[in-house]
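Colleague: structure, please.
(2 chains)
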Amino acid sequence: MDIYGKVPDFLRAPPLEEPKERIRGRGLSFMERATRGLSKLLRDTYVQWDTSSRDGFLQRTDPRVKILGLACAVVLVSLKHTLLSQLFVAVSIFILASSSRVRLSSIYPKALGMAFIFGFLIPAPSCLNLFSQGEILLTLMVRESPSSFLWLQVPATVGITREGLISIGLLGFRIFNSLTCALLLVNTTPLSDILRGLKHFKMPDSILVVILLTYRYVFIFLDLMEQMHRARLARIVKGGKNSETRRWAGERLGFLFGKAQLRCEQTNRAMEARGFSGRVRIEPLGRMGKGDRWKLAVLAMWAVVATSIV
Amino acid sequence: MEVGSSCHVGRGGNIHSVSHERAIMELDGVSYEYYDRFKALEEVDLVVQEGAKMAIVGANGSGKSTLLQVMAGILFPKKGRVLFRNQPVGEVSLRDPGFRHFFRSRVGYVFQDPDVQLFCPTVMEELMFGPLQLGLPHEEARNRSEEILKMLSLEALAQRPTYMLSGGEKKKVAMASVLTMNPELLLLDEPTNGLDPRTQSFLVDLIFSLHEVGKTIVIATHDLSLVMELHAKVAVLTEDHRIHKVGDTEEIIEDEALLLKANLIHEHTHKHDGEKHSHLHGHFLFHKHT
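Modeller: The predicted structure is shown next:
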C-alpha cells in the first residue's frame, strides 16, 4: 500500500513554532492531585501486601484471633461511654501496632484524618450550648437576653460546654479506635487469610466473593485510571479548562463503568467455566496452635479488663 | 552503539554513543522504580538521533513501556536526567506552560492499549483534540483530521464512537490522534501487538512513510520480525532493566548470546524422525519478495 503518497503536507512540514505571545496556561494541579491520590492508593495497597507478609507479632497470629479481636474492640468502643476506656483501647492498639512491624504512618494519619472529619468537624457545633445544656467552659458570646431563631433557642450566653466536648471526644475516639483496629487487621493479614477467617465465622459466600473481587479489581481499575490520565497528559499542551477536565473525567468514568461491567461478566464466565456454582470453597484454616490459643485467652482477659474500666 | 560515532561512559556507567549528528533525546543514568520497590529501569543511557528509526527491544517486564513513558514525559525518573533538544524534561520543567507547549507538541506517544488513549466521544473529535490543544483554528484542526483519516483510510469512521471500533481500528485512530499534532518524535509502544497481519503490515508501511517525511521514530517491542522489517537502530533492554547494547539490526540479530540473555529467543527442543535435538528459536517473520 502506498501510504507515502498520501502523507498530508502538514506532516511533511516542521512542527509548529512556539506562539510569539507568552503562553498562558494553568498548571495541571487538580488532575495532578487526583492522580497522585490514585498512585498513593495503589502504593498503599502494595504496602498492605508487603506489611502483612512481614514477620511481626500480629502477622504470626491466627486470623481468627485477629478477627475476634477486631469484633471485640469495635463492640467495646461502641458500648463504653468514658474517655478513659476509649484511651485504654487506643493504647492497646498502639502497643499491638508497634510490636507488629507495621508502618505507623500507614495507619495513624488516615485514622486521625477520618476521626477529625467525622468525629470533630461535622459534630463540632454540638459542643455549643445551643443544642444541649451543660456547664460552659468557654464563653463565645454574651447577649442582653435570650432569643429564638426558627426552632432554635439562643441563650444569653453562648459557649462551649463540658458535656458537648466530652460527647465529641467520645465520638472522635470511637471512630479513631475502630479505624486503627480495622487498618491494623488489614495491614497485618493477607487478604486470603482474612477471607479464610471470615469463612470460618460463617460469613455468607456472596459477601466473601464481593470482598475478594472488590479488592482485586479496585487495584486494576485504579491502575487503568492512572494510565488514562497519563494518556491525556501526553496530549495536553495548555492547562485544561475545568469544563474540559470535568467532561473528560465524566467520559472516562463512563468508560470505566463499561469496562467494569464487561470485566465482571468475563470473570463470572471464567469462574463458571472452572466449576464455580455460587459457593466459595477455600482451604479451611487448620487447628489453632497453642500460641494462638494463649493469645485468644489474653484477648478474653483484655476484653474483661476493658469492660471493667469505668 | 551508533555506527560512526565516538563513545563515552555515561553517568550510569554504561557505554553509550555521542554521535556527531544532532541528538533529539538523551537519557543519562535514568532509573525508575514502581511503588518505590519494583525496579523498572536501571541506569539507562540512551541517545536518539534526529530523524532516526530506533527500536527498543526486550522481554516482557524488562521496562520498555516505562522507558517510553519516561521519554514521553509522563513518568519521571528517580535518578538520572532526560533531555529533549538539550532541554531537561521533568516534573518541574513541564509545569512551565511554554516548555510544556514546546515538548507536548513535538513528542507524540502512542500507548500499547489504545483504550486508555481514546477518550473523546467520536473519532473526529479524538483527532481534533490535539490540534485544538495546540491552539490551531477549528478549521485547520478539522482539515488536518480529515487528511489523516484519508491517509489511514478511516474516513468512514469519522463520526463513529471510539468504543465501537475494532482493535485494529482503535490502534489506527490512536496513532492518528497523535499524528494530527504533527510531532517530530513519535514514541510507539508495541505498535503491532495483537493486530492481524494486514493491519500490522499497514502500520509498518505507515511507520516507514512517517520516517521518510522526517519523523524520528522510537518503538518498543519484543517482536524481532518487526525490528527486522523496520531495519531500525536497536537498543536491547535486558531483564535486569539495563540497556545492554545499541546497534544496527543485523548486528543485534546475529548476537544470539545477547538475544538469549534478553529472553528474545529461546532454546527449543523437538524431534525429527524420532531423534530429539535442541536449537535456538525465535519467532521471525516469513518474508518473501515478489
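Colleague: please count neighbours and contacts with C-alpha atoms only from this point.
Modeller: Fine.
Colleague: could you pull out the strands for the stretch 51-200 of chain A?
Modeller: Residue ranges of the strands in the stretch 51-200 of chain A, as given by DSSP state E, counting those that start in this stretch, are A:136-142, A:147-149, A:152-154, A:157-161.
Colleague: dump these into a markdown table; add mean pLDDT and mean neighbour count as well.
Modeller: Supplementary listing: those in a markdown table, determined by pLDDT from 0 to 100; neighbours: other C-alpha atoms under 10 Å in any protein chain shown:
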| stretch | mean pLDDT | mean neighbour count |
| --- | --- | --- |
| strand A:136-142 | 87 | 13 |
| strand A:147-149 | 81 | 9 |
| strand A:152-154 | 81 | 13 |
| strand A:157-161 | 89 | 19 |
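Colleague: low-confidence ranges in chain B?
Modeller: Residue ranges of chain B with pLDDT under 70: B:1-21, B:268, B:270, B:277-290.
Colleague: turn the strands of the stretch 51-200 of chain A into JSON lines, columns for distance to B:D115.
Modeller: Converted to JSON lines, those look like this (distance: least, C-alpha to C-alpha, whole Å):
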{"stretch": "strand A:136-142", "distance to B:D115": "58"}
{"stretch": "strand A:147-149", "distance to B:D115": "57"}
{"stretch": "strand A:152-154", "distance to B:D115": "56"}
{"stretch": "strand A:157-161", "distance to B:D115": "56"}
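Colleague: turn those into CSV, including distance to chain B.
Modeller: Formatted as CSV, the strands of the stretch 51-200 of chain A follow (distance: least, C-alpha to the nearest C-alpha, whole Å):
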stretch, distance to chain B
strand A:136-142, 46
strand A:147-149, 51
strand A:152-154, 51
strand A:157-161, 46
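Colleague: can you count the residues close to A:S243?
Modeller: 9 (other C-alpha atoms under 10 Å in any protein chain shown).
Colleague: now the helix or strand hosting it: buried residues?
Modeller: Assigning secondary structure by DSSP states H and E places A:S243 in helix A:242-273. With burial defined by 16 or more other C-alpha atoms under 10 Å in any protein chain shown, the residues of helix A:242-273 counted as buried are A:W248, A:A249, A:R252, A:F255, A:L256, A:A260.
Colleague: list the contacts of the fifth one.
Modeller: What that stands for is A:L256. If a contact means C-alpha atoms under 8 Å, 6 or more residues apart in numbering or on different chains, then A:L256 has A:F221, A:M225 as its contacts.
Colleague: helices along the stretch 51-200 of chain B, start to end?
Modeller: B:64-71, B:97-106, B:114-117, B:123-133, B:138-151, B:167-179, B:197-212 (DSSP state H, counting those that start in this stretch).
Colleague: contacts for the first one?
Modeller: Looking back up the chat, that one is helix B:64-71. For helix B:64-71, the surrounding residues in contact (C-alpha under 8 Å, 6+ apart) are B:25, B:40-41, B:56-58, B:75-77, B:82, B:109, B:187-189, B:220-221, B:237.
Colleague: can you map out the strands along the stretch 151-290 of chain B?
Modeller: Read by DSSP E, counting those that start in this stretch, the stretch 151-290 of chain B holds these strands, from start to end of the chain: B:185-189, B:216-221, B:233-237, B:243-248, B:266-272, B:275-281.
Colleague: can you tell which of those is closest to chain A?
Modeller: strand B:185-189 (10.0 Å; C-alpha to the nearest C-alpha).
Colleague: relative to helix B:97-106, how tilted is the closest one?
Modeller: For the pair strand B:185-189 and helix B:97-106, the angle between their directions (axes from the mean of the first three to the mean of the last three C-alpha atoms, to 10 degrees) equals 60 degrees.
Colleague: sorry, back to before: dump the helices of the stretch 51-200 of chain B to CSV, plus mean neighbour count.
Modeller: Below are the helices of the stretch 51-200 of chain B laid out as CSV (neighbours: other C-alpha atoms under 10 Å in any protein chain shown):
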stretch, mean neighbour count
helix B:64-71, 23
helix B:97-106, 22
helix B:114-117, 22
helix B:123-133, 24
helix B:138-151, 19
helix B:167-179, 23
helix B:197-212, 17
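Colleague: mind putting these into JSON lines with distance to A:K66?
Modeller: Putting the helices of the stretch 51-200 of chain B into JSON lines (distance: least, C-alpha to C-alpha, whole Å) gives the following:
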{"stretch": "helix B:64-71", "distance to A:K66": "40"}
{"stretch": "helix B:97-106", "distance to A:K66": "51"}
{"stretch": "helix B:114-117", "distance to A:K66": "40"}
{"stretch": "helix B:123-133", "distance to A:K66": "52"}
{"stretch": "helix B:138-151", "distance to A:K66": "60"}
{"stretch": "helix B:167-179", "distance to A:K66": "48"}
{"stretch": "helix B:197-212", "distance to A:K66": "55"}
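Colleague: now the end-to-end length of stretch B:172-189.
Modeller: Between the start and the finish of stretch B:172-189 there is a gap of 13 Å, counting by C-alpha to C-alpha, to the nearest Å.
Colleague: near chain A at all, it?
Modeller: Yes. When contact is scored as C-alpha under 8 Å from any C-alpha of the partner chain, part of stretch B:172-189 falls within range of chain A: B:V178, B:L179, B:N182, B:P183, B:E184.
Colleague: B:V89 and chain A, how far apart?
Modeller: When distances are taken as C-alpha to the nearest C-alpha, to the nearest Å, B:V89 and chain A turn out to be 13 Å apart.
Colleague: swap that for B:M128, sorry
Modeller: Note on B:M128: its distance to chain A, by C-alpha to the nearest C-alpha, is 11 Å.
Colleague: report the contact partners of that residue.
Modeller: With contact set as C-alpha under 8 Å, 6+ apart, B:M128 has these partners: B:A141, B:R142, B:R144, B:S145, B:S177, B:T180.
Colleague: repeat that with 7 Å
Modeller: Applying C-alpha atoms under 7 Å, 6 or more residues apart in numbering or on different chains, one finds that B:M128 lies in contact with B:A141, B:R142, B:S145.
Colleague: could you dump these to a markdown table with distance to B:E50?
Modeller: Converted to a markdown table, these look like this (distance: C-alpha to C-alpha, whole Å):
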| residue | distance to B:E50 |
| --- | --- |
| B:A141 | 26 |
| B:R142 | 29 |
| B:S145 | 26 |
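Colleague: save these as JSON lines, and put in distance to chain A too.
Modeller: Output for these, formatted as JSON lines (distance: C-alpha to the nearest C-alpha, whole Å):
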{"residue": "B:A141", "distance to chain A": "11"}
{"residue": "B:R142", "distance to chain A": "13"}
{"residue": "B:S145", "distance to chain A": "10"}
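Colleague: show me what the residue nearest to B:G51 when sequence neighbours are not counted is bridged to.
Modeller: The shortest distance from B:G51 to any residue other than its chain neighbours is 4.3 Å, reached at B:T216 (C-alpha to C-alpha, 6 or more residues apart in numbering or on different chains). With DSSP bridges as the criterion, B:T216 is bridged to B:L185.
Colleague: how near is B:T216 to B:V48?
Modeller: In this structure, B:T216 lies at 8 Å from B:V48, with C-alpha to C-alpha as the measure.
Colleague: same deal with A:V74?
Modeller: Distance check for A:V74 against B:V48: by C-alpha to C-alpha, it reads 60 Å.
Colleague: looking at those two, which is more packed in?
Modeller: B:V48 (24 against 19).
Colleague: now the more buried one. Nearest residue, chain neighbours left out?
Modeller: Taking C-alpha to C-alpha, 6+ apart, and ignoring the residues beside it in sequence, B:V48 has B:M25 as its nearest neighbour in space, at 5.2 Å.
Colleague: same check, this time on B:V110
Modeller: B:V110's closest residue in space is B:L188 (C-alpha to C-alpha, 6+ apart), at 4.9 Å.
Colleague: contacts only, for that neighbour.
Modeller: For B:L188, the residues meeting the contact criterion (C-alpha under 7 Å, 6+ apart) are B:Y109, B:V110, B:F111, B:V218, B:I219, B:A220.
Colleague: of those residues, which is the most crowded?
Modeller: Using other C-alpha under 10 Å as the neighbour criterion, B:Y109 leads the contacts of B:L188 with 29 neighbours.
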